[in-house]
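In: let's see this in three dimensions:
(chains A and B)
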Amino acid sequence: MPNKTFFWFFLPTGLAMILFIGLPIISTGIQSFYAQHDQVVKEVKKCDPFGCTVSIVVDQEKTSKIREEKPLGKFNGFGTYIDRNHLAIEEIGKFWNETNSFGEFVDQVTNLPFYKALIFTLTYCLFVTPNVLLLGFIIALSLNAVTRRIRGPLIFGTILPMIVTPLVGSLVLFWMIDAEGIIGANLQMLMDDPYLSLKSSKTLTWITIIIYGIWHHSPFAFVVFYAALQTVPQEPVEAAIIDGASRWQRVRHIVLPHIYPVVTFVALISLMDNFRVFEPIIGFSAEGSAQSLSWLIYDNLVNEEVILFGSAAATSMMTIVGIAILLAPVLIRTWKEFRTAR
Amino acid sequence: MEYGLDKRSNALKIFNTTFIIVWLLVACFPFIWTFWGSFKVRADFFSRADWWYAITAFNTLLETGGKFTTDAYSQAWTEGEFWKASRNTVIVTFFVVTISLFLGTLGAYALSRSTRNYAFWILIAALIFRAMPHITLVSGYLFPFFQLQIWGILPTTIVVLVAINQPFTLWLLYSFFKTVPKELDESALIDGCSYFQAFRHIIMPVMWPGVITAGLFSLMLAYNDFTVTALLLNQENHTMVPKIQSYLGTNQHEGNLMWAVSAVVSATAPLFMLVMFFQRQVISGLTAGAVKG
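Out: As a prediction, the model looks like this:
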């Protein structure tokens, strides 16, 4: 296709992506170097019969004027990146000097908001992604062994958790797991602990969100693996059966190597999706004990007093760096393949 | 795998059946339970005394005189203004799907027929864009949108959702157009058609299976979105998902939690219907990128 024709065909979608994905990333980058204005204060002298007192109040007029003049805020350089709510360089240095043992130091650092969120996000990715692959593969194998006639409805039932939005999915589970729901109440009875509840324990909350993640993402892995299983050639499998290979050996040595490229695809996609975990935290109302990077950004953006654009943007930029690190191996591999293909 | 040689032992069969039944229970029971519970009053579905009330409908009988009640639905849809939210969802979904498909088919067709290097790089860029967490993009939008005073209205959200949706649509339709033989449109070009004419008369009649799949995914994205719609729309214009969240915010209010329950059911039901009808397309869409490439 000639360049000119390509240009006109691609212009609308290219424009949409540049304007609403490319530019926002740049805008986020710029915003991250600015911070909201401090409030302008003034001294007010108040006199009454007993004497005069000087109090400091916020000058609303001047504050809103300066905000109107420079809506982006004041230039802050990398200030936002290293402040207490983000990388917290200063605090970490302080902890390093003040704490006695390494464990204590780690404890202090992981209590800082950014690191807390980072650790939750990584833990979530680390536990959800492999389990999604495993569960998805097992479901695909066992559905593949069922009579063809009843597979349709079974597949429909299997993909339900995936097609609902994460907020709805987590709410539906939360209403069951909560102390007043069916599972929560029965767990209380079983453990003989009337105060057992999701909100009371950080570990329980994390486990619940991770289980939710596996529940929500496994159907996707299932669908892709199921489709891949249909393309496994029959002859080698039959040959293996004749040679007396066990079921496990057949899966291990014939099926798995065949669908290996698909496994990496699913792993990549679910890693990307898991890294942006956010809605379940709202669905499970777990803000208290589990915060993710995306949730931190959301929290800054819905801040009541003044929206913390700078802070949200800084976290966003670091999230993007995180995504880039995750994607790097794949991109490098694609680039190498592309070069050799030429 | 159904192979003639492959004899399955009975133990394995039983294990397999049990596993599938357990998994289906795990996957579907939460939805069935919520559906059931949405016809109860709050004291039953969120019972402090005994979860069994949700089945026997003890309080529902006391409060409404029947075992089932549709109070939560009628209140959420009228008082809770869920009708407005669902109207907004319909508007957003309709325009997002139409515009996405229009832009996506043109772009993906060009990508699939181009042999240049830049087509490859555009696809890689689209993959990177696909990986961006939506919330990071939203943090980029908010400030300029406030300045331009286009925050809070439906058209802005529609355009944003279309753009966010483009990378995936492009990939999906790109891998679909790759399966359409090149000779089809090339012969039209030789006969003197322009590329636009070839696209209009040769490609458009055969592209519908791919377009339906891509349309379904655009629909699911627009319908299910929370991040963008919650932060870019004002209260008046909220779509269904942020509306459900707003019912949760006022947890203390007696009725509202049941509003959320009934709203969840109302929002999920059409989606399930749709997937039931188009199951084949959904599955082919999910596997398009994976199995072929």
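In: according to the record, where do the domains of chain B fall?
Out: B:38-50+B:57-79, B:80-292 (automatic domain parsing).
In: oh, that last question was meant for chain A, not what I typed.
Out: A:75-105, A:113-341.
In: if you compare these, which one is most tucked away?
Out: domain A:113-341 (a mean of 18; mean count of other C-beta atoms under 10 Å in any protein chain shown). (Glycine included, C-beta is placed from N, CA and C.)
In: host element of A:Ser55?
Out: strand A:51-58 (DSSP states H and E).
In: partner strands of that strand, with direction?
Out: Strands that pair with strand A:51-58, judged by DSSP bridges, come out as strand A:41-48 (antiparallel).
In: so which bits of the strand it pairs with are buried?
Out: Buried positions in strand A:41-48, judged by neighbour count with 16 or more other C-beta atoms under 10 Å in any protein chain shown: none.
In: and B:Asp185, how far from B:Ile202?
Out: Distance from B:Asp185 to B:Ile202, counting by C-beta to C-beta, to the nearest Å: 5 Å.
In: neighbour-wise, which of these two wins?
Out: Using other C-beta atoms under 10 Å in any protein chain shown, the more surrounded residue of B:Asp185 and B:Ile202 is B:Asp185, with 23 against 18.
In: could you say which helix or strand holds that one?
Out: Following DSSP H and E, one finds B:Asp185 within helix B:182-190.
In: which elements pack onto that helix?
Out: On a contact count with 3 or more C-beta pairs under 8 Å, 6 or more residues apart in numbering or on different chains; DSSP states H and E, helix B:182-190 meets helix B:195-198.
In: is any part of the helix it packs on close to chain A?
Out: Yes - part of helix B:195-198 sits near chain A under the criterion C-beta under 8 Å from any C-beta of the partner chain, namely B:Tyr195.
In: so which residues make contact with that helix?
Out: A:1, A:5, A:9, B:185, B:188-189 (C-beta atoms under 8 Å, 6 or more residues apart in numbering or on different chains).
In: which among those gets closest to A:Gly310?
Out: Relative to A:Gly310, the closest of those is A:Phe9; by C-beta to C-beta it sits at 39.4 Å.
In: you'd agree that closest one is up against B:Ala108?
Out: No - assessed by C-beta atoms under 8 Å, A:Phe9 is found out of contact with B:Ala108, at 9.2 Å.
In: these two: which has the busier surroundings?
Out: B:Ala108 (29 against 23).
In: can you name the residues that contact the more buried one?
Out: For B:Ala108, the contact set (C-beta under 8 Å, 6+ apart) comprises B:169-170, B:172-174, B:176-177.
In: ditto for A:Val168
Out: Contacts for A:Val168 were tallied using C-beta under 8 Å, 6+ apart; they are A:283, B:224, B:241, B:244, B:264, B:267-268.
In: A:Leu331 too?
Out: Neighbouring residues of A:Leu331 by C-beta under 8 Å, 6+ apart: B:124, B:128.
In: just the pLDDT for it.
Out: Looking at A:Leu331, its pLDDT reads 80.
In: cool, B:Leu12 as well?
Out: B:Leu12 is given a pLDDT of 84.
In: how about A:Val251?
Out: pLDDT, A:Val251: 86.
In: show me the shaky parts of the stretch 1-150 of chain B.
Out: The model of the stretch 1-150 of chain B has pLDDT under 70 over residues B:1-8, B:48-49.
In: so which residue of it comes closest to chain A?
Out: Nearest residue of the stretch 1-150 of chain B to chain A, counting by C-beta to the nearest C-beta: B:Gly140, 3.0 Å away.
In: any idea how far that residue lies from A:Pro24?
Out: Distance of B:Gly140 to A:Pro24, given as C-beta to C-beta: 3 Å.
In: between the two, tell me which one has more neighbours.
Out: B:Gly140 (29 against 26).
In: just how off-centre is whichever strand or helix holds the more buried one within its chain?
Out: Using DSSP H and E, the element containing B:Gly140 is helix B:134-148. In this view, helix B:134-148 has its centroid 23 Å away from the chain centroid, taken as C-alpha atoms, centre = their mean, to the nearest Å.
In: what mean pLDDT does the next helix-or-strand element following it have?
Out: Under the assignment DSSP H and E, the closest C-terminal helix or strand after helix B:134-148 is helix B:154-179. Averaging pLDDT along helix B:154-179 yields 90.
In: what about the strands in the stretch 201-342 of chain A?
Out: Counting by DSSP state E, counting those that start in this stretch, the stretch 201-342 of chain A forms no strands at all.
In: quick one: low-confidence parts of it?
Out: In the stretch 201-342 of chain A (pLDDT under 70), the answer is A:341-342.
In: re earlier: let me have the contacts of A:Val168 in JSON lines, extended by secondary structure.
Out: What follows is the contacts of A:Val168, written out as JSON lines (DSSP: H, G, I helix; E, B strand; the rest coil):
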{"residue": "A:Gly283", "secondary structure": "helix"}
{"residue": "B:Asn224", "secondary structure": "helix"}
{"residue": "B:Val241", "secondary structure": "helix"}
{"residue": "B:Ile244", "secondary structure": "helix"}
{"residue": "B:Val264", "secondary structure": "helix"}
{"residue": "B:Ala267", "secondary structure": "helix"}
{"residue": "B:Thr268", "secondary structure": "helix"}
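In: buried residues in the strand holding A:Ser55?
Out: For strand A:51-58, it's none, nothing buried (16+ other C-beta under 10 Å).
In: same question for stretch B:64-73.
Out: Here stretch B:64-73 shows B:69, B:71-73 as buried, counting by 16+ other C-beta under 10 Å.
In: stretch B:80-97 too?
Out: Neighbour-count burial for stretch B:80-97 [16+ other C-beta under 10 Å]: B:80-82, B:84-86, B:88-89, B:91-93, B:95-97.
In: follow-up on the earlier one: just the C-alpha atoms of the helix holding B:Asp185, please, in CSV.
Out: Provided in CSV are the C-alpha atoms of helix B:182-190 (Å, rounded to 0.1, in the frame of the first residue of the first chain):
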residue,chain,number,x,y,z
LYS,B,182,-4.8,-10.3,-0.3
GLU,B,183,-5.8,-11.4,-3.8
LEU,B,184,-9.3,-10.3,-3.2
ASP,B,185,-8.6,-6.6,-3.1
GLU,B,186,-5.5,-6.8,-5.3
SER,B,187,-7.6,-8.0,-8.2
ALA,B,188,-9.9,-5.1,-7.6
LEU,B,189,-6.9,-2.7,-7.7
ILE,B,190,-5.7,-4.2,-11.0
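In: can you tell me the closest non-neighbouring residue to residue 28?
Out: Answering for chain A, as no chain was given. Excluding its sequence neighbours, the residue lying closest to A:Thr28 (C-beta to C-beta, 6 or more residues apart in numbering or on different chains) is B:Gly140, at 3.9 Å.
In: I was thinking of chain B, sorry if that wasn't clear
Out: B:Cys28's closest residue in space is A:Gly157 (C-beta to C-beta, 6+ apart), at 5.0 Å.
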